[in-house]
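Q: Got a predicted structure here, sequence first:
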Amino acid sequence: MHEFTLAELSHLLQKREISSVELVETCLERAEQFNDGLNCFISLFPEPALERARHADELIGGGKAGPLTGIPVVHKDIFCTGGFKTSCASKMLDNFIAPYDATVVDKLNMAGSVMLGKTNMDEFAMGSSSETSFYGPVRNPWDASRVPGGSSGGSACAVSARLAPAATGTDTGGSIRQPAALCGVTGLKPTYGRVSRYGMIAFASSLDQGGPITQTAEDAALMLAAMSGFDENDATSAEAGVDNYTATLNKEIKGLKIGLPAEYFSEQLERPVTDAITAALNLLEEAGASIIEIELPNTELSIPVYYVIASAECSSNLSRYDGVRFGYRCDNPKDIDDLFCRSRGEGFGDEVKRRIMIGTYVLSAGYYDAYYLKAQQIRRMLRDEFSNALKQVDVIITPTTPSTAFPLGARVDDPVSMYLSDIYTVSVNLAGLPAISIPVGFNDGLPIGMQVIGDYFGEARILNVAHQYQQITDWHKRVPRDYQ
Amino acid sequence: MQWEPVIGLEIHVQLATKSKIFSGAANRFGAAANTQACAVDLGLPGALPVTNEAVLRMAVKFGLAVDATIAKRSVFARKNYFYPDLPKGYQISQYELPIVHDGRIRIELRDGAVKEVGITRAHLEEDAGKSMHEDFPGFTGIDLNRAGTPLIEIVSEPDMRAAGEAVAYMKKIHSLVRYLEISDGNMQEGSFRCDANVSIRPKGETKLGTRTETKNINSFRFVEQAINYEIHRQIAVVEAGNEVFQETLLFDPVKNETRPMRSKEEANDYRYFPDPDLPPVVIDNAYIETIRAQLPELPEQKRRRFMDDFGLSEYDSSYLTASKDTADYFETAVAATKGEAKLIANWIMSELSAALNRDNIDINVARVTAEMLAGLVNRIADNTVSNKIARQVFGAMWRGEGSADDIIEKQGLKQVTDTGEIEKSVDEVIAESGAQLEQYRNAPPEKQGKLVGYFVGQVMKKSRGKANPKQVNQLLSAKLKNLGRG
């Protein structure tokens, strides 16, 4: 039953053709079986999961079930889970048991879902390959010698290998969409403010956004409905009402205006990726959509702007890991400065340190105006470009990544080439828009993703487009051979 | 050379909100260590700040009371530095865009002169926790109860020219925040403390000298001492041909001197940037006007009303309105009399204030309440006791012996107003004072008045102070006049 989608499982549970306990047992068995190879989990919680599954079965029996009741989910290890280890894949938090639940975790618990465990990721979500984890790299289920993307690589990997029907992820510059693309699954980054950030360990506060990773757009709609909404504990969470995302999935896309930014189809884009996107666009045109060329001329600035802003914010956000109150503390500090320096020096990995240093530099006296302030100005420009484009079109379609999954280790020593794998996703975070990545084909057995960007709080629209595409294709149904 | 000191103050005032500035934890002093700090105050991973609206309201109140501009849009920023009692590794404060700016306040100086001090800005920020070095040998304890306590930092212009002016300004701000009920102003508990910026320059020079900042002074007396010490120190440094360094100092009240803080503070680059967790604070006119309408009567308005309604002098009115507690005490007492404002004022400013000073207690907890003082003043007004006896009664009330009426009754202090009885004493005194009478008779008329005093004293003594002095005076004057002629 592991191959079913969340929606299908939900249906089977409601009809009581399967029980949550059976389902959870199956997922746990597979997780145990495959985690050695994939390394997509940092923690698994079999006993609490079975306990919750039993409770879910009672609810279903009592007719009090919702669409997620009894559904196994896995959380990126960036979400605080009360009473359970929450490590952010860092040595710094290897010993950290969160004393409270993140709002997203709480909401999914309330919806009846069953947490199986926590997924591996790039340390503090800083990375595009899930190789910077303290717990070792995650592997791509389509080719174990390749990366699954990142930073939500463990979540994308788990869904792709059918170890869990749904996962949570976070996306600061592409960390949901890029691994979803490289693993051949569906990943949605909602509008900034749609999903509460409370309890989601901050990387870059003005960019971070939680969202679901699933097999299908329909499943993403079910997850998003449960995850989103205003949260009084997050001052940046939006008060806008939550749409009924499933209700509009089946709307025809006749008359849909799709914007195609020329800037996103440059030479660095691999040919097979271009071909897969073109084929997908043709299908959407056949379904009644029209393609309109649009301009996003400053796209090329998005990477440097992103690395200035994200690094600045992370340098401050990660200051709390100082060895004083929680997390890693060095042995035998000789004074307070030694405690700070060695706890941080020993507790953080190289990529995290690199970004803290970049961020500290761009915020320092004398450089602030030239870097941080300038980056904020360009960010506003990028946002205006998107807003103007979205006045002409309903959605914007781009590739999710310039290439398919790259080999493990290939870019570890070349941070800039690693940063460039987020070229199509980061500007969406800078603008705060929602976007979804869906599988649209393969090259040499590796999945290709397509990104559909919507207007602010237009999640229903992009889910609708993605779902309509998935009704006429079956890329999302492909399962890596070893995990069928 | 004549030197002119230039002084500016940064006053940190804890706001008396129920909960902290960015979390729901209680904002109370004195609880067991680390029992009033929640996930947000501890800076736990994933925790986020949410601005307490009450804090904004208090800042706007303060801004209006000092005639300042309220920013329509202000921004919380992060001040980044590492310190063990700073949980997040940054303090949330306001930097480029504070909520209040460009205000002013009037201060009265000791010589009665009036001066206006500019208020550059007032911004909101969170307090840090406390490091405790005493109880843990080889370690430092951290108490995070105070972390996240709301503060408003009030920055003055460098408008003051003497330590006394700085104290007058600090007292005025202290009184104001209590009037506005935005702080308890408790200086022992650290609710009200200041940093003093001091520089000197040759008299007549308009450029500012290099300033030093003396941190965390928590009493009016220490502010005066610290500033005076710093002025003298800087003059000595410059006159010895050296330069004053820009540095951060601490005041040691025991040694009565300032000394440099540890030098690691120096090279700090705080890397301020807008806090991405908190949207800008947007305040519209309607909000400001709602708060303006709710403002209590301010010291300045009260002072004028006391002059107009009670016919008090400017001095008395300033004295009585300097603190809200004193003003409230005065008004409560007056209301319990038949309009004896002047008498009440005199008693508060003399007898009561002396007793409060002597026992070092605040007027709002005085053992002689406003109602009790009114009871005494009523007995003075209706001639039951003289002023002199009233002081005796006051002393007894202060010792807790009961109300004025009880004490007068118990101790038989009721004034004698029976003319016959007073006349009898007068006659006796005259009869017993042959020598003095002789002196009186022989004195030139302009000196006779002075000599009457002796007889008055004797009569009062005979009546044990209870004879109505006015009547004694009248009777004596008449009788002596007759005798003088004979």
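A: Yes, it's here.
Q: Every contact and neighbour count from this point should use C-alpha atoms.
A: Will do.
Q: Now do stretch B:351-359: distance to the chain's middle.
A: Stretch B:351-359 has its C-alpha centroid displaced from the chain centroid by 15 Å (CA atoms, centre = their mean, to the nearest Å).
Q: got the domain boundaries for the chain?
A: Just going to use chain A. A:6-256+A:392-483, A:300-377 (automatic domain parsing).
Q: um, chain B though
A: B:3-290, B:297-411, B:419-485.
Q: Pull the distance from the longest one to the chain's centre.
A: Meaning domain B:3-290. 18 Å.
Q: same thing with the last one?
A: Centroid separation for domain B:419-485 versus its chain: 47 Å, with CA atoms, centre = their mean.
Q: could you give the mean pLDDT of that domain?
A: Confidence for domain B:419-485, expressed as mean pLDDT, is 81.
Q: which residue sits closest to residue A:139 in space, ignoring its chain neighbours?
A: Spatially, and ignoring its direct neighbours in sequence, residue A:139 is nearest to residue A:38 (4.9 Å; CA to CA, 6 or more residues apart in numbering or on different chains).
Q: ok, residue B:467 to chain A distance?
A: Using CA to the nearest CA, to the nearest Å, we find residue B:467 at a distance of 74 Å from chain A.
Q: Show me what residue of chain B gets nearest to chain A.
A: Chain A sits closest to residue B:46 of chain B, with a gap of 3.9 Å, by CA to the nearest CA.
Q: Please look at that residue and residue A:198 and confirm they touch.
A: Yes: assessed by CA atoms under 8 Å, residue B:46 is found in contact with residue A:198 at 5.8 Å.
Q: who touches both of the two?
A: residue A:102 (CA atoms under 8 Å, 6 or more residues apart in numbering or on different chains).
Q: So which bits of chain B are right by chain A?
A: Within chain B, the positions lying close to chain A (CA under 8 Å from any CA of the partner chain) are B:42-51, B:80, B:82, B:84, B:87-90, B:269-273, B:276-279.
Q: Next step: those restricted to helices.
A: Residues of the residues of chain B next to chain A located in helices (DSSP state H): residue B:42.
Q: Count the neighbours of the residue of the stretch 251-400 of chain A found nearest chain B for me.
A: With CA to the nearest CA as the measure, residue A:320 is the residue of the stretch 251-400 of chain A nearest to chain B, at 4.3 Å. Residue A:320: 23 surrounding residues under other CA atoms under 10 Å in any protein chain shown.
Q: residues touching residue 274, list them.
A: No chain specified, so I'll use chain A. A:265, A:399.
Q: nope, chain B please
A: Applying CA under 8 Å, 6+ apart, we find residue B:274 in contact with B:75-78.
Q: Backbone torsions only: list them for the closest residue to chain B within the stretch 51-200 of chain A.
A: In the stretch 51-200 of chain A, the residue that lies nearest chain B is residue A:199 (3.9 Å; CA to the nearest CA). Residue A:199 adopts backbone torsions of phi 90, psi 0, taken as degrees, to the nearest 10.
Q: Would you check that it makes contact with residue A:103?
A: Yes: applying CA under 8 Å, one finds residue A:199 in contact with residue A:103, separated by 6.3 Å.
Q: Residue A:322 is in what secondary structure piece?
A: In this structure, residue A:322 sits in neither a helix nor a strand according to DSSP states H and E.
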